[in-house]
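Novice: please find the sequence and the predicted model below.
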Amino acid sequence: MQWANFLAKEAANHSLSLKQTAAFVEYFQTENLGKSEAKLASELNVDIAAFKKLVDEVYKKFAQNYPELAISSNRDKIQKLQAYLTAKYNSELNILKPLAAMKLLKTLVVRERLQKEPWIARRICKFLGYLPLALELVGRYLDKMPDLSLETLLKRLEKKRVEHENVVNDNSLMPYKDSVAEAFELSWEQLDENAQSFGCLLSLCALADIPLSIGAIEDDKKQELWEKAIADLLELHLLQQQSQGIYRLNPLIRQLFQMKLDKSNEADKTKTKFAAMMLEVAKLIPQQLIPEDIVNLTPHIPHITEVATHLSQYVGDENLITLFTKLAYFYQSQRLYQQAESWLQQCVELTKNRFGLEHPDVATSLNNLAQLYDFTGRYSEAEPLYQQALELRKRLLGEEHTDVATTLNYLALLYESTGRYREAEPLYQQALKLWKRLVGEEHPHVATTLNNLAALYCYTGRYSKAEPLLKKSLELRKRLLGDNHLDVATSLNNLAQLYESTRRYSKAEPLYLQALELSKRLLGEEDADVAISLNNLAALYRQTRRYKKAKPLFEQALKICERTLGVSHPTTMTIRANYASFLREAYH
């Protein structure tokens, strides 16, 4: 297959638009790799800004299935994407020399068997286009058929070519794939119905390592069927084992299995089943991931993404928001905000298209996108989304609903963050009354709203009103969530800040230390919440003139924020201002 055709296929696989495809193919054409972006933009008749925007959109599309791109600099992205494309191309098209093809066949088939029909063996290699994958398939097939002559095998392959010419053409398989398709057909006929169905199911996975936790299946019969199917596919080289419990499908084999699935009567049923399986994994993604969660969930993300990108129509109405929101949580927890934003924006559009504008799920998707904007300091973008969500929820669900209380709380938080305390306070009070009426006094949402209202009182100097609320929130959170929870760390921080503000430094310091230790344990050393705890403790040391202790904490907090949030994030700028003020006070 030509490189240009390969690029066009990759563009289609990643759902690039026509303009994005043009920029992608132009950028990565072999003869263009040394050209400047300005030159490439000129050849496409677009300005440089538009060209860069298109290429950036392409990166984002590929990063959804290839997360390493998302955490690279722009130059690294180009290099990594080029390496990814080259490796994939070579894996699909790795034609051997005739002698090397024969050597490979000799490793797969008993030597004496080849020596009986040497000329036929050479003809088989030529017929298979000297492709390693086709030779592997045929070798495994022969191994299962010890009495089959090579001449009979060649006739079967030739017959398959005639039979499946139309199938190949209809599905846009390139000519070099013919030999793989024919070898695949022979292997397909060796599989029982269980293995065929399982291969088709796996073909819906992304082109990435596939984690199969067979031991976790509770149904013994289903576990046995999966184990047998895996063994059958491995035996015929239709599936490769990468490591314990990790498998991979060759891109061509994946496409051939998909062709079989699409021509069967089970296509919709299988796609619905696969979407449901990936949804169950997605449901395991918490709103705030800890490092262990990231390690455990990362292998599953490409396959969840595959459902969200290509199979969302097979996800039930009640789970559509869950799928996209959970993907956003995965990226947001790692400070990959562009990826999180993309999934939340898609969720808004999909819910509008599926349910219409007047639907509670549209309100939820708007609220979720607003939360991301709020968290990243994009308050002017978040506020109208919160207001739309609140209005929709009140109209569709009524004033007395938990979703209304949720949006009231978030909108109040936004007002508080932007210094609009008079607007925030009545919303917190409304939310608190609602939560108490709807879920009772003993609930984490009540604790959260108490904490938020108390923080507002602190900001406005009403410490006597804030202290009992903070203590109640901390006590509730410990009782309901346990001592090892991020919300507990938040309450500890807030109560410590109150003690600091009221000059009770000996009470504040141990709470700051507890909050810092808890945040590090739950989030790791490199997290923005850890940076905030470091900043708070440093501010206390500054207040008590322990400058030698304060300085390294300020510096550490600033470095973490710059790395994780970026230099222009409101939190980063606040900590930078605190550090600058500290330096002026301590060293001038």
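Specialist: In hand now; what should we look at?

Novice: which residue lies farthest from the center of this structure?
Specialist: Here the chain has its C-alpha centre computed as a mean, and the residue farthest from that point, by Cα atoms, centre = their mean, is K116 with 53.5 Å.

Novice: quick one, what contacts that residue?
Specialist: Contacts of K116 were listed using Cβ atoms under 8 Å, 6 or more residues apart in numbering, and they are L150. Backbone N, C-alpha and C define where each C-beta goes, glycine included.

Novice: measure how buried F184 is and give me the count.
Specialist: Counted by other Cβ atoms under 10 Å, the residues lying close to F184 total 27.

Novice: just the element for it, please.
Specialist: With elements delineated by DSSP states H and E, F184 resides in helix 178-190, which encompasses its position.

Novice: contacting residues around that helix?
Specialist: Identification of contacts with helix 178-190 by Cβ under 8 Å, 6+ apart yields 127-129, 131, 133-134, 137-138, 140-141, 144, 153, 156-157, 160-161, 163-164, 167-168, 173, 196, 236-238, 252-253, 256, 260.

Novice: who does the next helix or strand after it touch, helix- and strand-wise?
Specialist: Under the assignment DSSP H and E, the closest C-terminal helix or strand after helix 178-190 is helix 193-202. When contacts are defined as 3 or more Cβ pairs under 8 Å, 6 or more residues apart in numbering; DSSP states H and E, helix 193-202 packs onto helix 220-235, helix 251-262, helix 267-282.

Novice: in stretch 424-434, which residues are buried?
Specialist: Across stretch 424-434, burial judged by 16 or more other Cβ atoms under 10 Å covers A424, E425, L427, Y428, Q430, A431, L432, L434.

Novice: what about the fourth one, distance to Q338?
Specialist: The gap separating Y428 from Q338 is 31 Å, by Cβ to Cβ, to the nearest Å.

Novice: same check on the second one?
Specialist: For E425, the distance to Q338 under the criterion Cβ to Cβ works out to 34 Å.

Novice: and the first one, by the same measure?
Specialist: A424 is 29 Å from Q338, where distance means Cβ to Cβ.

Novice: ditto for the last one
Specialist: As defined by Cβ to Cβ, L434 lies at a distance of 34 Å from Q338.

Novice: got a list of what Q371 touches?
Specialist: With contact set as Cβ under 8 Å, 6+ apart, Q371 has these partners: A382, Y410.

Novice: do you know how far it is from T364?
Specialist: For Q371, the distance to T364 equals 11 Å [Cβ to Cβ].

Novice: tell me where the chain has strands.
Specialist: In order along the chain, the chain carries the following strands (DSSP state E): 210-211, 240-243, 246-248.

Novice: neighbouring strands - and their directions - for the shortest one?
Specialist: It refers to strand 210-211. Based on DSSP bridges, the pairing partners of strand 210-211 within the sheet are strand 246-248 (antiparallel).

Novice: contacts for the partner strand?
Specialist: L202, A208, D209, I210, P211, L212, I230, L239, Q240, Q241, Q242, P299.

Novice: before we move on, back to that, okay, and which of the contacts of helix 178-190 map to helices?
Specialist: Residues of the contacts of helix 178-190 located in helices (DSSP state H): 127, 133-134, 137-138, 140-141, 144, 153, 156-157, 160-161, 163, 167-168, 196, 252-253, 256, 260.

Novice: domains of the chain?
Specialist: According to the domain assignment given by automatic domain parsing, the chain is divided into the following structural domains: 3-92, 98-272, 451-523, 527-588.

Novice: which of those domains sits closest to D293?
Specialist: With distances scored as Cβ to Cβ, the stretch of these nearest to D293 is domain 451-523 (10.5 Å).

Novice: follow-up on the earlier one: now mean neighbour count, mean pLDDT and distance to L323 too, for the strands of the chain, in a markdown table please.
Specialist: Formatted as a markdown table, these follow (neighbours: other Cβ atoms under 10 Å; pLDDT from 0 to 100; distance: least, Cβ to Cβ, whole Å):
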| stretch | mean neighbour count | mean pLDDT | distance to L323 |
| --- | --- | --- | --- |
| strand 210-211 | 18 | 92 | 18 |
| strand 240-243 | 12 | 87 | 26 |
| strand 246-248 | 16 | 90 | 23 |
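
Novice: can you list those strands in TSV and add distance to G398?
Specialist: Conversion of the strands of the chain to TSV gives the following (distance: least, Cβ to Cβ, whole Å):
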stretch	distance to G398
strand 210-211	44
strand 240-243	53
strand 246-248	49
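
Novice: of all those, which one is nearest E442?
Specialist: Each of the strands of the chain was scored for nearness to E442 using Cβ to Cβ, and the closest is strand 210-211 (39.1 Å).

Novice: contacts for that closest one next, please.
Specialist: By Cβ under 8 Å, 6+ apart, the list of residues contacting strand 210-211 reads L202, G245, I246, Y247, R248, L249, P299, H300, H303.

Novice: for A134, see how far away the third one is.
Specialist: I246 sits 25 Å away from A134, going by Cβ to Cβ.

Novice: ok, now which ones touch A340?
Specialist: L327, A328, Y329, F330, Y331, Q332, L372.

Novice: kindly indicate which of those lies nearest L558.
Specialist: Closest approach between the contacts of A340 and L558, by Cβ to Cβ: Q332, at 21.8 Å.

Novice: the closest one touches D374, doesn't it?
Specialist: No - the pair Q332 and D374 does not pass the contact test of Cβ atoms under 8 Å, sitting 11.8 Å apart.

Novice: distance of the closest residue in space to A23 that isn't next to it in sequence from Q20?
Specialist: Counting by Cβ to Cβ, 6 or more residues apart in numbering, the nearest residue to A23 once its immediate chain neighbours are dropped is L54, at 3.9 Å. Between L54 and Q20 the computed distance is 5 Å (Cβ to Cβ).

Novice: try D56
Specialist: Separation of D56 from Q20 (Cβ to Cβ): 10 Å.

Novice: comparing those two, which shows the higher neighbour count?
Specialist: Neighbours of D56 and Q20, each counted by other Cβ under 10 Å, are more numerous for Q20; the result is 20 against 14.

Novice: hang on, isn't the more buried one packed against K61?
Specialist: Yes - at 7.3 Å, Q20 and K61 qualify as touching, with contact defined as Cβ under 8 Å.

Novice: if we ignore the residues flanking it in sequence, what's nearest Q339?
Specialist: Counting by Cβ to Cβ, 6+ apart, Q339 lies nearest to Y331, which is 3.9 Å off, once chain neighbours are set aside.

Novice: is it true that that neighbour touches L344?
Specialist: No - using Cβ under 8 Å, Y331 is not in contact with L344; the gap is 9.8 Å.

Novice: so what pLDDT did E92 get?
Specialist: If you check E92, the pLDDT there is 60.

Novice: likewise L252?
Specialist: At L252 the predicted local confidence, pLDDT, stands at 80.

Novice: how much space between it and A183?
Specialist: When Cβ to Cβ is applied, the distance between L252 and A183 equals 10 Å.

Novice: overlap of the contact sets of the two?
Specialist: Each of L133 lies in contact with both L252 and A183 under the rule Cβ under 8 Å, 6+ apart.

Novice: looking at these two, which is more packed in?
Specialist: Comparing L252 with A183 by other Cβ under 10 Å, the one with more neighbours is A183, at 29 against 22.
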